[in-house]
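1. mind folding the following:
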Amino acid sequence: MVNLVFSDSANGILMHKRELFRIDKNSLCSIELYLHGGDISLPFDVKKRKDFYETGYCKRYCCTAQRQINKFSKMLKSDGEICIWLSRKCIDEYLGMLWTVYNYKNYAKNIFLCDCTELVDAIAYFSDIEIQTSPLKNRYKLTYNDIEQISEYWERLCNENTGLRILESGNPVSKPVNYFDRQIFEIAGNRFIDAMQLMGIMLAREESAFMLEFLTNRLYYLVKQNEFTVVQYGYIGRIKSFGFSIIKRTNPIYPKVKPEVLFTGQLKRICLESYNAPSALKKENNRVLQKLVITNNGKVRIYEYVIIEITAEDTNRKNIEPLRCVDIKTDKEKTDKIIKCFEQCFSGNYTLHKVAGYGEWNLRLTNNDGKITTIGGPLINEFDTQYGDLSEVVRTLLGCDDLFMFDKNRKQFDKRKKIDRWKR
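-> Numbers count the residues shown, from 1 in each chain. Below is the predicted model:
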């Protein structure tokens with residue numbers, strides 16, 4: 001009997017638990033087709049799915065998928081029986097079962113279904129695989145009527161061929177290919193966001209769970225359609241990876257991002273700390289903490305520290321070494337202009353969208369009454385003023401091109417020697 005699964009992960013788990021499941025390791029076969037998205041029109045052919053496979057996530061997968069199908073067909077010829085392992089919660093498992101029954105009903109002597117929902121759940125949540133009872137108790141042989149009903153169901157989905165299929169009430173249904181676009185736009189808002197983080201939020205939702213391939217390809221398509229702009233490509237080692245790129249809506253329908261503060265009164269003192277390391281656990285050199293202090297009497301001072309060592313326990317960054325302390329000579333007219341821009345940006349009650357993992361900034365604003373307002377965010381924020389982006393305004397007026405400010409000085413990072421997470 002050929003034991004068929006629809007992912008390498010499930011294949012590995014079954015191999016590990018083969019004694020419990022009474023499986024011969026040579027009888028296992030895995031086929032990954034990602035049938036929840038892409039063209040499934042009849043007659044089925046992986047080459048027709050090239051547009052879906054060969055994009056952001058599934059690059060060069062057509063040949064791999066065809067090899068897996070050929071291997072399964074060869075195994076079936078020498079055996080004649082199929083046991084399909086599937087989970088009712090996973091759309092790809094369900095669609096893989098429909099595809100297999102429809103295409104191999106005339107070649108298999110017997111077709112069995114084995115419900116392995118517990119197995120798939122364990123894989124999905126990365127828990128230890130400790131299954132108390134063998135799913136073999138849920139295995140049953142398909143009757144002729146079962147096979148005909150499954151075949152009719154698959155034919156209907158293939159004829160609809162909408163480009164996306166999801167589970168509704170436990171059954172696969174066709175949806176338009178842009179079905180998740182509104183949710184994607186709402187999550188992204190008007191902020192910089194890691195593509196993988198956006199997809200992670202979508203995968204946490206029951207409706208779009210187990211759809212990493214479709215979501216990645218759909219996001220890749222939206223970038224090509226200029227709905228999103230890639231602000232900075234990510235890398236795995238030296239290989240460019242779209243999944244780890246930072247993106248932003250090209251023409252957002254939401255207002256500009258502003259901070260969630262209630263600053264009132266006249267600004268007396270500004271203290272901005274900008275920390276360029278993306279994570280406290282990153283083992284990088286030249287992790288720098290900058291501190292900018294501006295007062296309403298025209299004084300400007302910049303402190304810079306090098307982070308010597310930082311651990312998960314040392315979250316308050318005590319292990320720092322002073323690098324420089326510079327007093328900036330500038331006109332009071334310029335500092336008044338900066339203070340006015342800060343008052344404009346940080347007054348009112350707004351929502352600041354935060355994204356973890358890109359460095360951070362922490363701002364303390366003190367008014368004339370001594371009230372301190374504190375706010376923080378990632379080093380990817382933009383704040384509009386009447387003179388332009390706040391970070392650029394401050395750098396220009398002070399004549400300091402190397403300040404991280406709120407955006408990590410993305411335009412200048414190639415010219416500086418400070419470490420950058422995207423520079424390889």
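2. okay, now the unreliable bits of this protein?
-> 54-60, 118-137, 235-239, 243-244, 252-262, 277-286, 307-320, 348-359, 380, 408-424 (pLDDT under 70).
3. for it, what spans make up the helices?
-> Along the chain, counting by DSSP state H, helices occupy 8-16, 18-21, 50-53, 62-79, 91-104, 117-124, 144-160, 181-188, 195-203, 212-224, 332-345, 390-398.
4. who's in contact with stretch 242-249?
-> 56-57, 185, 188-196, 198-199, 216, 219-220, 223, 227-236, 358, 380 (Cβ atoms under 8 Å, 6 or more residues apart in numbering). Placement of C-beta: from N, CA and C, glycine included.
5. narrow those to those that are buried.
-> For the contacts of stretch 242-249, a burial check counting by 16 or more other Cβ atoms under 10 Å picks out 56-57, 185, 188-189, 191-196, 198-199, 216, 219-220, 223, 227-228, 232, 234, 358, 380.
6. alpha carbons of stretch 173-182, as CSV, please.
-> Taking C-alpha atoms only, stretch 173-182 is exported to CSV below (Å, rounded to 0.1, in the frame of the first residue of the first chain):
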residue,chain,number,x,y,z
VAL,A,173,-15.2,26.3,-1.8
SER,A,174,-14.0,28.5,-4.6
LYS,A,175,-13.3,32.2,-3.9
PRO,A,176,-12.1,35.1,-6.2
VAL,A,177,-8.4,35.4,-6.3
ASN,A,178,-8.5,38.8,-4.6
TYR,A,179,-10.6,37.5,-1.7
PHE,A,180,-7.9,38.3,0.9
ASP,A,181,-6.8,41.6,-0.6
ARG,A,182,-8.9,43.8,1.7
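7. now do that stretch: everything it contacts.
-> 37, 157, 160-167, 202, 208, 215, 218, 222.
8. and those, which two are the farthest apart?
-> The most widely separated members of these, counting by Cβ to Cβ, are 157 and 222 (24.5 Å).
9. select the longest strand from this structure.
-> strand 239-249 (DSSP state E).
10. so in that sheet, which strands flank that strand, and in what orientation?
-> For strand 239-249, the paired strands and their directions (DSSP bridges) read strand 193-194 (antiparallel), strand 228-236 (antiparallel).
11. could you dump these to a markdown table with distance to residue 396?
-> Formatted as a markdown table, these follow (distance: least, Cβ to Cβ, whole Å):
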| stretch | distance to residue 396 |
| --- | --- |
| strand 193-194 | 27 |
| strand 228-236 | 21 |
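12. so for residue 150, which of those sits nearest?
-> strand 228-236 (38.5 Å).
13. good, wrapping up.
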